[in-house]
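A.B. asks: model the structure of this input:
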Amino acid sequence: MRRMLPAIWEWLRSWFVQPVRPLQTIHVEELPDKLDPKAVYVLGEGKHLWFVAMLCPCGCNQVLQVSLLPDAKPRWKLIEHATDGSITLQPSVWRKIGCRSHFFLRRGLIQWCRDR
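C.D. replies: Below you'll find the model as predicted:
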């Protein structure tokens, strides 16, 4: 019985907790007029990538754009994971105005940073 408790707990938990799904990565040459809140857009042509755009994950609906251009400051590093098509951005995204969201995007998942 003691061995079965974790399995029973996971089964019960699955009824109430939805699995977290990574943001879908969409490669485009131009940013669409309306952004999908469950997607992250990588803009560029071929191997030349310009920026990544997404709606702020806090729900404020502000469009976030982070530059990937090598000469831009600030700029972010984009890592594309071939195994699942997700992306990682380095460093974190930290809005200094508005909602002040601070998070990492790792493998398409939002990881919030703690407030200081």
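A.B. asks: residue 63 and residue 10: what is the separation?
C.D. replies: With distances taken as CB to CB, to the nearest Å, residue 63 is found 38 Å from residue 10. Any C-beta I mention is one placed from the backbone N, CA and C, and that applies to glycine too.
A.B. asks: swap in residue 17?
C.D. replies: For residue 17, the distance to residue 10 equals 10 Å [CB to CB].
A.B. asks: same thing with residue 42?
C.D. replies: 35 Å.
A.B. asks: of the two, who's got more company?
C.D. replies: Of the pair residue 42 and residue 10, residue 42 is the one with more neighbours under other CB atoms under 10 Å, namely 18 against 10.
A.B. asks: ok but that one is inside a strand, no?
C.D. replies: Yes - with DSSP: H, G, I helix; E, B strand; the rest coil as the criterion, residue 42 is located in a strand.
A.B. asks: what about the residue nearest to it when sequence neighbours are not counted, which helix or strand?
C.D. replies: Distances taken as CB to CB, 6 or more residues apart in numbering put residue 27 closest to residue 42, at 5.0 Å, once the chain neighbours are dropped. Following DSSP states H and E, one finds residue 27 within strand 24-28.
A.B. asks: which strands or helices does that strand pack on?
C.D. replies: Applying 3 or more CB pairs under 8 Å, 6 or more residues apart in numbering; DSSP states H and E, we find strand 24-28 packed against strand 39-45.
A.B. asks: pLDDT of the strand it packs on, averaged?
C.D. replies: When pLDDT is averaged over strand 39-45, the result is 96.
A.B. asks: give me the next element, helix or strand, following that strand.
C.D. replies: With elements assigned by DSSP H and E, the helix or strand that comes after strand 39-45 is strand 48-55.
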